[in-house]
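Trainee: have a look at this fold, sequence not included:
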């Protein structure tokens, strides 16, 4: 089954309204029919934002309770918890077949003039100086039916070794830093921008955890438990974005990962944290 492309993701972020503060979210099916955590988190963010016109997300906190079935849509209900002078808060519950898949809290903000500061961009090579990931992993092109070199909706250029390369290294890199950008033009809508950042952080931060575990995302079962993103400023998705990811802890079958993203101008775009549950190694 082919990977979703940008047009597919954007289409599923355009939620269908089904009543007051309720929406129907079409999923992206895959071989395992597993709903992707980063994708449904992005949809929950979109649902909440649709109920707060004129305000943009500044944070989303998601707990993923059940896997769900990607062949069927998900019903999302948004509860208005508060509308203040600068901040609005929404609760989102996603259900399928009467079972709760996701609970989320979303905070949205009106524009506020205030002091602006952020940590600087890490000292890393420019994306033009790095090889595309397909070239980095060309020696593994025959593994898993071409899994490592298959076309994706984002182009990636790694500063540190990606998980498959790291497996063959004596010591895993402590960071997973990569430049990424969509392979096709993207709207400059700031809300869609936030949703795409949620999708990307939710699906790529797994890599730093599996690297520390000396495995890869395809060799281990994993499930996203929770995911949080703080949006600092819109990313320029017409250019490269740097993702700097690290896994500070792995315990009890769970891997904690944190990530920061920067635009090409060196501004901090978002900060994200997630925890992944890992099952038994599939290589055994």
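Mentor: Arrived safely, thanks for sending. Keep in mind it's a predicted model, so treat the numbers as computed, not measured.

Trainee: how's the chain carved up into domains?
Mentor: 1-111, 127-283 (the TED database).

Trainee: same list (these) but as a markdown table, adding mean pLDDT.
Mentor: A markdown table is the format used below for the domains of the chain (pLDDT from 0 to 100):
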| stretch | mean pLDDT |
| --- | --- |
| domain 1-111 | 95 |
| domain 127-283 | 91 |
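
Trainee: now do the buried residues in the lengthiest strand in the chain.
Mentor: In terms of residue count, the longest strand belonging to the chain (DSSP state E) is strand 268-281. Using 16 or more other Cβ atoms under 10 Å as the test for burial, strand 268-281 gives 268, 269, 270, 271, 272, 273, 274, 275, 276, 278. Placement of C-beta: from N, CA and C, glycine included.

Trainee: go on, stretch 61-70?
Mentor: By neighbour count on 16+ other Cβ under 10 Å, the buried set for stretch 61-70 is 61, 62, 63, 64, 67, 68, 69, 70.

Trainee: equivalent analysis for stretch 188-207, please.
Mentor: Residues of stretch 188-207 classed as buried by neighbour count (16+ other Cβ under 10 Å): 191-207.

Trainee: that stretch: how far from the chain's middle?
Mentor: How far stretch 188-207 lies from its chain's middle: 5 Å, per Cα atoms, centre = their mean, to the nearest Å.

Trainee: stretch 98-108 now?
Mentor: With Cα atoms, centre = their mean as the basis, stretch 98-108 stands 16 Å off its chain's centre.

Trainee: buried set for it?
Mentor: Buried, per 16+ other Cβ under 10 Å, within stretch 98-108: 101, 102, 103, 104, 105, 106, 107, 108.

Trainee: check contacts around the third one.
Mentor: What that stands for is residue 103. Residues in contact with residue 103 (Cβ atoms under 8 Å, 6 or more residues apart in numbering) are 62, 63, 65, 91, 92, 93, 94.

Trainee: so the last one touches residue 78, yeah?
Mentor: Put plainly, it is residue 94. No. Judged on Cβ atoms under 8 Å, residue 94 makes no contact with residue 78 at a distance of 10.2 Å.

Trainee: more neighbours, the two?
Mentor: residue 94 (27 against 22; other Cβ atoms under 10 Å).

Trainee: what is the three-state secondary structure of that one?
Mentor: Per DSSP: H, G, I helix; E, B strand; the rest coil, the secondary structure class of residue 94 is strand.

Trainee: ok, it to residue 57 distance?
Mentor: 17 Å (Cβ to Cβ, to the nearest Å).

Trainee: hmm, back to that, the buried residues of stretch 188-207 in helices, which ones?
Mentor: Mapping those onto helices (DSSP state H) picks out 191-204, 206-207.

Trainee: for residue 154, state which of these is nearest.
Mentor: residue 200 (6.8 Å; Cβ to Cβ).
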